Each structure stands twice: as structure tokens, then as C-alpha cells.
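> structure for the following, please:
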Amino acid sequence: MKIAVAYENGNVFQHFGHTEQFKVYTVEDGKIENEEIISAEGSGHSALAVVLANNKIDALICGGIGGGARTALEERGITLYGGVTGNADCAVSALLEGKLTYNPDVKCSHHEHEHGGSEHKCGEHGCGKHECR
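Numbers count the residues shown, from 1 in each chain. Sure, this is the predicted structure:
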């Protein structure tokens, strides 16, 4: 099984359609056997879904994701775990343990909110201010 995480600076990237890289985990018998960072090779839901399919990805962990991307992943048989925040390695470990908190109805969100007095749009990047659940 291969699991990809929309990835930035060790964390789950929060806007699938703009991710620049994925961290890919190869899992055998419930254990991570290999990890690698791959380039997203573009942007947009169709291009990213093709990259994942070409790399034989079975599951994707990401933050926000739009309807078109959800459809593109579904058409390629890639299981989606969206609405995830925090450390990428922690998220994959939680998935393998059956403890990953995710939102099956996640939608891409571009709202602004604050983290520690510094306002920014988390939908545009992984802010690193969240914990793996």
C-alpha cells in the first residue's frame, strides 16, 4: 500500500490543489517500509490526481480539497482522508493505527483566522500550528 500526504515543512499541506510536493509512504504489513518526497509536477486537481495515480498511490491525506479534486481522486480509486492537520508522519501513523481524525466531507476553505496573533490564510499553506489528532 502507498499513502501520499500533501506535504510542506513536515506538515500536512492545507490546500491540495496548490501543493508542491507529496510525502509518499510505502506500507507493508501495517509498517512503513519506505518514505520519499516527490514533486507535485504542477497544480490543479486533474494534474495532481494523475501524479498520484502514476505513482500508484492508494490513499491520500490532505487538508482542504475541492469537489473537482475529490472526483478526480475517486475516479482513480484513491481513498481520501481530508481535513487533516498537523505533522505528516503522525497522521500516517494514526491512519495505520485506525486512529486518524479526518473529515470525509471536507471542502476547501479559504477563510482567514488567527493563530497566536498572526493572521493568515491556512487554506493557502500548512501553518504548522495544529496537532495531529
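
> what are the contacting residues of stretch 20-39?
Here stretch 20-39 makes contact (CB atoms under 8 Å, 6 or more residues apart in numbering) with 1-8, 40, 51-52, 55, 57, 88, 92, 96. Bear in mind the C-beta positions are built from the backbone N, C-alpha and C, glycine included.

> now list the buried members of these.
2-8, 40, 51-52, 57, 88, 92, 96 (16 or more other CB atoms under 10 Å).

> those in helices, which ones?
For the buried ones among the contacts of stretch 20-39, the ones inside helices are 51-52, 88, 92, 96, with DSSP state H as the criterion.

> a markdown table for the residues you listed, including pLDDT and distance to residue 13?
Output for these, formatted as a markdown table (pLDDT from 0 to 100; distance: CB to CB, whole Å):
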| residue | pLDDT | distance to residue 13 |
| --- | --- | --- |
| 51 | 94 | 14 |
| 52 | 96 | 14 |
| 88 | 98 | 9 |
| 92 | 98 | 14 |
| 96 | 97 | 20 |
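
> which one of those is nearest residue 76?
Within those, distances to residue 76 taken as CB to CB reach their minimum at residue 52, with 7.0 Å.

> the closest one: what's it in contact with?
4, 22, 60, 73, 76, 78.

> with secondary structure and distance to residue 36 added, can I get the residues you listed in TSV?
What follows is these, written out as TSV (DSSP: H, G, I helix; E, B strand; the rest coil; distance: CB to CB, whole Å):
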residue	secondary structure	distance to residue 36
4	strand	10
22	strand	9
60	strand	15
73	helix	20
76	coil	20
78	coil	17
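
> please pick the buried ones from those residues.
Neighbour-count burial within the contacts of residue 52 applies to 4, 22, 60, 73, 78; the criterion is 16+ other CB under 10 Å.
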